[in-house]
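K.L.:
Fold the following for me, if possible:
(one chain, ligands or ions: 2)
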Amino acid sequence: MDGLDDVFGDLFSSVDGVLLFSPSGSYYERFAAIEEVDVIVVGTENEVGAETFVELPLAFDDVADRIKFGIEGALEQEVIEDGDELACATRIFADEIDTVSRVRASADAHTGIYDLFAKSRAEPDVVKSVLELAVELGKKGQKGKPVGALFIVGDAGKVMNKSRPLSYNPFEKSHVHVGDQIVNVMLKEFSRLDGAFVISDAGKIVSAYRYLEPSAEGVDIPKGLGARHMAGGAITRDTNAVAIVLSESDGLVRAFKGGELILEVDPEAY
Ligand SMILES: Nc1ncnc2c1ncn2[C@@H]1O[C@H](COP(=O)(O)OP(=O)(O)OP(=O)(O)O)[C@@H](O)[C@H]1O
Ligand SMILES: [Mn+2]
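P.N.:
Ligands and ions are numbered 1, 2, ... in the order given. Presented below is the predicted three-dimensional model:
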């Protein structure tokens, strides 16, 4: 008859690697000393200074999402391979890792979230800042009311050529960047207004109030989404920009690249 060690031990026996999600320093040290297995640290920051680290763009409260995106990042960085059996250790209830999940890495499960950050024209930090801003805006709304917003990030020259102003551009002569505290306040204030924000590769706010006029041909946007999402999605096919869209009607934040929806997150989950 099996004991508990045997049954639970199956979770990590003969795995190809261990993914530690945001471990404490002492927890990581214990793993670093084990020779027979590859240890990969996954998190929003490499707090333990791990040799092999995969950065998560967001903290992902949902554990399944956290593991899925961690594995996708690890595949992307080629620190694991398609088909690898992995022990994924993460926190759910406690301040320390309390859960192990055995997962087989599958390249087919690719969502594109790492392309969004790592393979965009815009700098990864800029995409990350805008995504965080959209999530925050979705969580809080504007004075308690849900708001929608559309951010077009990267390849700004081309985006400007495929759009027109709806009103005067409050960012015309300014040199402000996403991530600046003051800008976040300004953007939230302006998000009540129509049109899109255009942001450069380096994060400069080029314009607000842009009406996008991309060709929507060949764009595959899920049914039920309206003009804001269609315009945002379509411009990413016509240009090398990514679009980050906060929906006023369902409250979700979506990201588009290459004319396709590649990420959908619920701000309430962060
Ligand atoms: N081509 C466009 N370029 C820029 N902004 C647009 C464009 N089309 C629509 N919008 C903006 O999106 C807002 C909402 O439009 P609409 O309801 O059709 O979009 P939606 O995709 O359903 O978004 P939501 O889920 O937020 O309602 C408009 O008021 C306008 O500010
Ligand atoms: Mn709508």
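K.L.:
right, is stretch 168-175 up against ligand 1?
P.N.:
No. In terms of C-beta under 6 Å from any ligand atom, no part of stretch 168-175 sits within range of ligand 1; the closest distance is 13.7 Å. From N, CA and C alone the C-beta is placed, and that goes for glycine too.
K.L.:
what's the span of that stretch, first residue to last?
P.N.:
End-to-end distance for stretch 168-175, by C-alpha to C-alpha, to the nearest Å: 16 Å.
K.L.:
Just the buried positions in that stretch, please.
P.N.:
Neighbour counts over stretch 168-175 (16 or more other C-beta atoms under 10 Å) mark N169, P170, F171 as buried.
K.L.:
Now the residue in the chain positioned nearest to ligand 1: closest residue in space that isn't a chain neighbour?
P.N.:
At 2.2 Å from ligand 1, G226 is the closest residue in the chain, using C-beta to the nearest ligand atom. Nearest residue to G226, sequence neighbours excluded (C-beta to C-beta, 6 or more residues apart in numbering): S249, at 7.6 Å.
K.L.:
Pretty sure that neighbour sits against G148.
P.N.:
Yes. Counting by C-beta atoms under 8 Å, S249 does reach G148; the two are 7.5 Å apart.
K.L.:
ok so, going back, so who does the residue nearest to G226 touch?
P.N.:
Taking C-beta atoms under 8 Å, 6 or more residues apart in numbering, we find S249 in contact with P146, G148, G226.
K.L.:
what's the answer for V265, then?
P.N.:
So V265 contacts L58, V135, L252, V253, R254 (C-beta under 8 Å, 6+ apart).
K.L.:
Using CSV, lay out the residues you listed together with secondary structure and pLDDT.
P.N.:
Below are the contacts of V265 laid out as CSV (DSSP: H, G, I helix; E, B strand; the rest coil; pLDDT from 0 to 100):
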residue, secondary structure, pLDDT
L58, coil, 75
V135, helix, 90
L252, coil, 95
V253, strand, 95
R254, strand, 96
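K.L.:
Run through the residues of the chain sitting next to ligand 1.
P.N.:
148, 150, 194-196, 211-212, 225-229, 231, 247-249.
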